[in-house]
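*Asks:* sharing a model that was predicted from the sequence below.
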Amino acid sequence: MGAESTVGIGLLLPDLLGTYGDAGNATVLHQRLHRRGIPAQILPITLQDAVPASCELYVIGGGEDGAQRLAIRHLRKHEGLQRAVAAGSVVLAVCAGLQILGWRLTGSDRVEHRGLDLLDVTTSPRIKRAVGEVIAKPQPDLLNATLTGFENHQGATGVGPAARPLARVIRGVGNGAGDHSEGVVQGRIIGTYLHGPVLARNPDLADLLLGWALGGPLAPLDMPSVTRLRANRLGGGALGGAGGRGERAKRPS
Amino acid sequence: VRSADLGGAGQTARVLDHDLTGCLPGRVHPADMTAVGLNLVNEGPKRIRARLPLRTWLAVRVGRLAARLSRAARLGQGRIIGGRVTLLLDGRALHRLTRGRTVILVTGTNGKTTTTLMLSQALGGRGAVATNSGGANMPDGLVAALAADLHAPYAVLETDEAYLPVAARAVRPAAIVLLNLSRDQLDRVSEPSQLERSIRSTIADQPQATVIANADDVLVTSAALAAARPTWVAAGGSWHVDSASCPRCGAEITRRKDGWSCICGLRRPSPSWTLDGDAVLSPSGGRVTLALQLPGRANQANAVLALAALSSVGVSPPEALQQIRALEHVDGRYRILTRGDHAVRLLLAKNPAGWAETLTLLNSSAGTVVLAINGHVADGQDLSWLWDVCLDPLAGHAIIACGGRAADLAVRLDYADLPHTLTQDPIHAIDVAPAGPVDVIANYTAFRRLQNRLGHGR
């Protein structure tokens, strides 16, 4: 796409999946383009709307079981997201959003539901809810900066061979399937259990997604407020040393 | 006063004779309780011992002693520790301390403290009221409030929505007021639809209770439909984000000007009380103007729900409004203090729906807004909800971000293109603000701390 055209950011079903401030991810993507002089537009796609396939990026957030099932129905009825992914669009899926992009999920109702088959993951319920701050080391070929976020979910998500984990958990639960993995990457889709929202706390992850969407790396964008928040969350006394080490060392895991 | 006046036959079993004989003295101030320390006021130790099992009576006395020690050690007001000790010694204290009293439980995400105060003030004309006006709304706080006023025939108890099942089982309330349900402290409390299900099954087990419910709130309605005797109140509300899908069947909720509905048949019940601007339409067809001193639409909603609840225990709207109109602030909220050359107004907002309501109270054009955000357990340690708040009403104000989680707030403001300054301490923020009005919006522990430091009531 040309530099002059507006980058479309599809905010998928904020009326259903956005329990944990995840709409903020769309705001962050938009602002990080806008501040670099790249025109962008957020397109909220609600239950009232057909899902367009025309956006360069899509974000989808977390929500409760009932909302999750309604979201699957809507996204399967209008196949815009599936078409967009096939054409190379970038997707960030958080929490319940991650789960529904998988091919199978079982919620608290113990009933197995089919997902959208865009990620090779399956989710089953955990016994104990995973709630709290997470620190994770991302795959070194994707990102250097340690991931920080807050998780609140009851899913155990297994990552299949067609996908790979996004990161390895240093603190917290993450995917919760026993392998210390957090999140998933498959093609240009990134899934994660981190909210916060995740892109507000992890600008490098936001820029990774934007780079994929625009076809090349972006100019640096320094936001002191974000640097301060990261220092606060990763190096702060309340979180102990693990996060601090992770951030400073920038070692690949 | 006979039991029939207190809301019909269903209440009869709730009311013991001695509570209604009129022999009890008027309201006793908590200050008097403190002054007499361990002595049980007015009713006399023998009398109360006859009503309460010995174990409960002793548990109350030891709890009070613990509270007094805690106060003496300057650890706080000691109410919660006192209630906790009492509960430890008598696990059934909540049940035993409410036996024979007319109890109203107030629950919901926002407005609990305000509505509880409205109810207790308006009921005060009828007799003494035990109430947890300080906002300690878990079982220990409820026990402490009841223990502080052993003889009061009425109790109005603000109840944490997650603890409603425990409280209702123990208390068997005459009325339950259900204000609203939306996302709040999701790291501690269940997601709203889970909460709705637990409240629904609680209400189904309380056939004696009149349930006063906001019919404009989908989750509240779904829960209150389980009531044997619901009273529907059109109290309004603008936060629909947590009820896009039906709590009963998962399908989409359709909203129109005159209500909401789902294809499964769940729909807004026809209300018997309606908030219409600043007026309230009552079931009798009467129309009264609220004319509250407390600001904002949310307080009008609290007031109409309070009026409906009061009516169910025999207090008429005009009588109730006399007391409710007199309220200027609620446990420090909405209070205007002078500090230096600043008139400082304190506002409490703890979650997205509460923020949406609170931001409508700001002066439309100018003035400083100090935002103080903490992330302690009582606030919720997950601050992601800041991104669910539309901050547009802050535009044009001088904004100062403070509190333990000021850094999270600053990033939110930054991405919203709202210029701000950052300082850890909200009092410092007030002092450095440009001359003129200052609105402080703080979440729970930030508000409490600020209020303590600025001095109660001054």
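*Replies:* Received it, and whenever you're ready, just let me know what you need.
*Asks:* tell me which parts of the stretch 1-150 of chain A are close to chain B?
*Replies:* Neighbours of chain B within the stretch 1-150 of chain A, by C-beta under 8 Å from any C-beta of the partner chain: A:15-16, A:18-24, A:27-28, A:31, A:47, A:64-67, A:69-70, A:131-133, A:150. The way it works is simple: take the backbone N, C-alpha and C, and place the C-beta from them, glycine included.
*Asks:* buried only: go through the residues you listed for me.
*Replies:* Using 16 or more other C-beta atoms under 10 Å in any protein chain shown as the burial test, the residues of the stretch 1-150 of chain A next to chain B include A:15-16, A:18-24, A:27-28, A:31, A:47, A:64-67, A:69-70, A:131, A:133, A:150 as buried.
*Asks:* out of those, which sit inside strands?
*Replies:* Residues from those lying in strands, with DSSP state E as the criterion: A:131, A:133, A:150.
*Asks:* dump the residue contacts of the residue nearest the centre of chain B.
*Replies:* Centroid-nearest residue in chain B, with C-alpha atoms, centre = their mean: residue B:112, separated by 1.4 Å. By C-beta atoms under 8 Å, 6 or more residues apart in numbering or on different chains, the contact list for residue B:112 reads B:106, B:135, B:137, B:158-159, B:179.
*Asks:* could you do residue A:27 as well?
*Replies:* Residue A:27 neighbours (C-beta under 8 Å, 6+ apart): A:42, B:387, B:415-416.
*Asks:* just among those residues, which is most surrounded?
*Replies:* With neighbours taken as other C-beta atoms under 10 Å in any protein chain shown, the top of the contacts of residue A:27 is residue B:387, carrying 28 neighbours.
*Asks:* correct me, but that residue touches residue A:21?
*Replies:* Yes. Using C-beta atoms under 8 Å, residue B:387 is in contact with residue A:21, at 3.2 Å.
*Asks:* now name the helix or strand holding the closest residue to residue A:78 other than its chain neighbours.
*Replies:* The shortest distance from residue A:78 to any residue other than its chain neighbours is 4.1 Å, reached at residue A:51 (C-beta to C-beta, 6 or more residues apart in numbering or on different chains). For residue A:51, there is no host helix or strand (DSSP states H and E).
*Asks:* is the closest residue to residue B:229 other than its chain neighbours bridged to anything, and to what?
*Replies:* The shortest distance from residue B:229 to any non-neighbouring residue, by C-beta to C-beta, 6+ apart, is to residue B:210 (5.0 Å). With DSSP bridges as the criterion, residue B:210 is bridged to residue B:175, residue B:229.
*Asks:* how many other residues sit next to residue B:210?
*Replies:* 26.
*Asks:* pLDDT on stretch B:111-122, on average?
*Replies:* Averaged across stretch B:111-122, the pLDDT comes to 96.
*Asks:* so which of the ones in strands among the buried ones among the residues of the stretch 1-150 of chain A next to chain B is the closest to residue A:59?
*Replies:* Nearest to residue A:59 among those: residue A:150, at 16.9 Å, using C-beta to C-beta.
*Asks:* so that closest one makes contact with residue B:384?
*Replies:* Yes. Using C-beta under 8 Å, residue A:150 makes contact with residue B:384 at a distance of 6.1 Å.
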